[in-house]
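J.: dropping the sequence and predicted coords here.
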Amino acid sequence: MDCLFCKIAAGEIPSKTVYEDAEILAFYDIEPQAPVHVLVIPKEHIPSMDGVTPENSDVVAHIFAKIPKIAASLGLSGGYRVISNCGADAGQTVPHLHFHILGGKPLSLTMA
């Protein structure tokens with residue numbers, strides 16, 4: 001499989017890691033859309049939200065349990081946004097489930 005995020009999770013491609021445990025990895029986005037822009041991925045390859053099943057949904061729950069701790073470690077005390085794009089029409093550019101944590105300034109409420 002030629003998945004960018006799988007290669008990052010395996011350490012084959014370097015990233016600026018924010019958090020890591022046995023199941024997930026959080027790292028800075030290389031094209032930030034906010035002053036703080038971190039991606040949180042499962043180490044297991046799941047192509048998108050459409051690939052979440054009862055068998056692998058525990059990792060998504062784990063991600064959501066860790067996101068507040070990751071956000072706090074980044075100093076996002078004023079709030080933050082969590083986004084997951086699903087499919088090309090939604091803007092998903094890497095076919096590996098990931099969640100964007102955005103913050104560090106007041107964010108616009110408009111949707112593209």
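T.: Noted; the coordinates are in hand. As the structure is a prediction and not an experimental result, all values here were calculated from the model. Numbers count the residues shown, from 1 in each chain.
J.: partners of the top strand by length along the chain, with directions?
T.: Identified as the longest strand of the chain according to DSSP state E is strand 36-42. Strand pairing for strand 36-42, determined by DSSP bridges: strand 24-28 (antiparallel), strand 99-103 (antiparallel).
J.: show residues contacting the first one.
T.: It refers to strand 24-28. 8-9, 15-20, 37-43, 59, 62-63, 66, 70, 101 (Cβ atoms under 8 Å, 6 or more residues apart in numbering). All C-beta atoms are positioned from the backbone trio N, CA, C, and that covers glycine.
J.: who wins for proximity to residue 78 among the strands paired with strand 36-42?
T.: Closest approach to residue 78 among the strands paired with strand 36-42 is made by strand 99-103 (7.3 Å; Cβ to Cβ).
J.: what's next to that closest one, contact-wise?
T.: Contacts for strand 99-103 (Cβ under 8 Å, 6+ apart): 26, 29, 33-41, 63, 67, 70-71, 74, 76, 78-84.
J.: so the closest residue to residue 7 other than its chain neighbours, which of the three states?
T.: Nearest non-adjacent residue to residue 7, counting by Cβ to Cβ, 6 or more residues apart in numbering: residue 13, 4.6 Å away. With DSSP: H, G, I helix; E, B strand; the rest coil as the basis, residue 13 sits in coil.
J.: wait, residue 13 sits on residue 4?
T.: Yes: if you go by Cβ atoms under 8 Å, residue 13 and residue 4 touch, sitting 7.0 Å apart.
J.: roughly how far does residue 35 sit from residue 61?
T.: As judged by Cβ to Cβ, to the nearest Å, residue 35 and residue 61 stand 28 Å apart.
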